[in-house]
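Novice: Requesting a structural model of the entry that follows:
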Amino acid sequence: MPKVIYTQPDGTERVIEGTAGDSVMRTAVRNGVSGIVGQCGGVLSCATCHVFLDEAHADDFPPPGEDEDDMLDGAATERRPNSRLSCQLKLAAWQEVRVTIPESQL
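Specialist: Next up is the predicted model:
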């Protein structure tokens, strides 16, 4: 079963067991993780699920596509090299993923 470690801007962490095939965003929304809004429901039309993906997990996911890259340019918090939209991070059964939630999504 996949596991996602969500780190809040203040450093507090919440560990949630996810479901293989679900996204990091859907896992957060289903479990009431503060700071991940997912306003568009995961259809890549907003940036309210912006996260900073731990560098150790970068190779576990395909690189951002052109649409994700464009959406990240409009994120409320300035993007970083490890910025991702959590709706695009699909969980595999074996994964443990660590993400940090930015200060603001809106």
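Novice: residue boundaries of the helices in the chain?
Specialist: Using DSSP state H, the helices of the chain run over 24-30, 66-72.
Novice: Restricting the selection to alpha carbons, write the first one to CSV.
Specialist: I take that to be helix 24-30. Listed in CSV are the C-alpha atoms of helix 24-30, where the atom choice follows Å, rounded to 0.1, in the frame of the first residue of the first chain:
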residue,chain,number,x,y,z
VAL,A,24,-1.3,12.5,-4.2
MET,A,25,-3.9,15.2,-4.5
ARG,A,26,-6.9,12.8,-4.3
THR,A,27,-5.3,11.1,-1.3
ALA,A,28,-4.9,14.5,0.4
VAL,A,29,-8.5,15.7,-0.3
ARG,A,30,-10.1,12.4,0.8
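Novice: That helix - what's its average pLDDT?
Specialist: With pLDDT averaged residue by residue, helix 24-30 scores 97.
Novice: List of residues touching that helix?
Specialist: Outside of helix 24-30, the residues that reach it under the criterion Cβ atoms under 8 Å, 6 or more residues apart in numbering are 4, 6, 16, 18-19, 22, 33, 36, 38, 42, 49, 51, 85-87, 89, 91, 97, 99. All C-beta atoms are positioned from the backbone trio N, CA, C, and that covers glycine.
Novice: please redo it, this time with the cut-off set to 6 Å
Specialist: Helix 24-30 is contacted from outside by 4, 16, 18, 36, 38, 42, 49, 86-87, 89, using Cβ atoms under 6 Å, 6 or more residues apart in numbering.
Novice: repeat for the last one
Specialist: Under the contact criterion Cβ under 6 Å, 6+ apart, helix 66-72 has outside partners 44, 47, 79, 83, 85, 88.
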